[in-house]
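Asker: what shape does this take:
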Amino acid sequence: MQRIEEEARYDGFYAVVTNLEGNVGQILKINKRRWEIEENFQIMKSEFEARPVYVRRDDRIKAHFLTCYISLLVYRLLEKEIGSEYTCEQILQTIRGMKMTQLSKDSGYIPSYMRTDITDALHKAFGFRTDYEFISRSSMRSIIKGTKSTKKQKGEI
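Answerer: Prediction:
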């Protein structure tokens, strides 16, 4: 019982054990970065299914992990754009479900997904909407073209 009471004195404190010497603030900053790296590996393993690897040749293994890394990079940029209030699983599940159904070759598209807070955040971040009842082919082309011009303005292309 005495041990529990002694441990309770430290409730609410954040302890870091390290062999690093120097400024405490810098050590805490380094530790936080380490956790972010661990989280990236976890996302790659779980959400992006980076493992197990079913290829054997070195070039294909490298291509597999490069694809996973690029996916992680795109995800992190997306997360930064819409804020960090959603989990990786929530964001990816939402994006995977954002399907558009083409009514006919000449007419246009309708959304085949449910509108949510995350879809609204995505629409707001990227400056276009796909949740209207009907999107003509020309409007869809404008949306696609607009995403390219936005990237040019930001210097991303």
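
Asker: any idea how the protein splits into domains?
Answerer: Under the assignment automatic domain parsing, the domains of the chain span 2-84, 97-154.

Asker: which one of these lies nearest to Gln90?
Answerer: Comparison of the domains of the chain against Gln90 by CB to CB identifies domain 97-154 as nearest, at 6.2 Å. To be clear about C-beta, it is placed using only N, CA and C from the backbone, and glycine gets the same treatment.

Asker: Ile61 touches Arg51, doesn't it?
Answerer: No. Distance between Ile61 and Arg51: 11.1 Å, which falls outside the contact criterion (CB atoms under 8 Å).

Asker: which parts of this protein are helices?
Answerer: Under the criterion DSSP state H, helices of the chain are mapped to 2-8, 24-46, 58-82, 88-97, 117-126, 137-154.

Asker: what packs against the fifth one?
Answerer: Okay, so that is helix 117-126. Other helices and strands packing on helix 117-126, by 3 or more CB pairs under 8 Å, 6 or more residues apart in numbering; DSSP states H and E, are helix 58-82, helix 88-97.

Asker: quick one: that helix to chain centroid distance?
Answerer: Centroid separation for helix 117-126 versus its chain: 13 Å, with CA atoms, centre = their mean, to the nearest Å.

Asker: same question, the fourth one
Answerer: Average the C-alpha atoms of helix 88-97, do the same for its chain, and the two points are 9 Å apart (CA atoms, centre = their mean).

Asker: just checking, which helix or strand of the protein averages the lowest pLDDT?
Answerer: Across the helices and strands of the chain, the lowest-confidence element by mean pLDDT, DSSP states H and E is helix 137-154, at a mean of 73.

Asker: need the residue closest to the centroid of the chain.
Answerer: Most central in the chain under CA atoms, centre = their mean is Tyr75, positioned 2.9 Å from the mean C-alpha point.
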